[in-house]
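# Give me a model of this one.
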Amino acid sequence: MADLYLTKAGHQKLVEELEYLKNTKRKALSKAIGEARAHGDISENAEYDAAKDAQGLNEKRIAELEQKLSCARLLDDNISADEVLIGARVRLKDLDTGEEVEYFLVSGEEADYEQGKISISSPIGSGLLNHKLNEKIEIKIPAGTLKYKILKISRG
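A predicted model of the protein is given here:
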């Protein structure tokens, strides 16, 4: 797996989820399997089957998180104020409407459009990468072309 770039907050969120799944949820699922097993014949026990399925999904997610964390690289806090890179917060002026928008460029793992966090692999995210402060840019998206001026670049 390729390097996964994460902010400190994004890394911490994955670590906390992993700890929860390994310690709290794993124990709860084990207890549920034991209780379902106590109900008798497990060959036709829907509770047992559901608990085993949930346990399998939990273990799969644990493995995914461990893999991601093993490839994780924390973003440097010293983001350039001159160039748009992953981990940067970018204030833009829409040249068509005059409206200002702000995006925080992150990996796909941390993307959350509602919070203004966009993936560097999204059309807008990739279109912003490596551009400079005060530069006017055009970004092609499925709905057309966006025209922006980069007003400010700062650390996320």
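# Show the average pLDDT along the longest strand anywhere in the chain.
Criterion DSSP state E: the longest strand present in the chain is strand 144-155. For strand 144-155, the mean per-residue pLDDT is 93.
# Going by neighbour count, list what's buried in that strand.
Along strand 144-155, the positions that meet the burial threshold by neighbour count (16 or more other C-beta atoms under 10 Å) are 146, 148, 150, 153. Every C-beta, even on glycine, is put in place using the N, C-alpha and C of the backbone.
# now, among the residues you listed, which is nearest to residue 71?
Proximity to residue 71 was ranked across the buried residues of strand 144-155 by C-beta to C-beta; first place goes to residue 153, at 26.5 Å.
# can you pull the contacts of that closest one?
Residue 153 makes contacts with 79-84, 88-91, 133, as judged by C-beta atoms under 8 Å, 6 or more residues apart in numbering.
# circling back: pull up the pairing partners for the longest strand of the chain, direction included.
strand 88-94 (antiparallel), strand 136-141 (antiparallel) (DSSP bridges).
# would JSON lines of those with mean pLDDT and distance to residue 3 be doable?
As requested, the strands paired with strand 144-155 are exported to JSON lines (pLDDT from 0 to 100; distance: least, C-beta to C-beta, whole Å):
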{"stretch": "strand 88-94", "mean pLDDT": "94", "distance to residue 3": "18"}
{"stretch": "strand 136-141", "mean pLDDT": "95", "distance to residue 3": "25"}
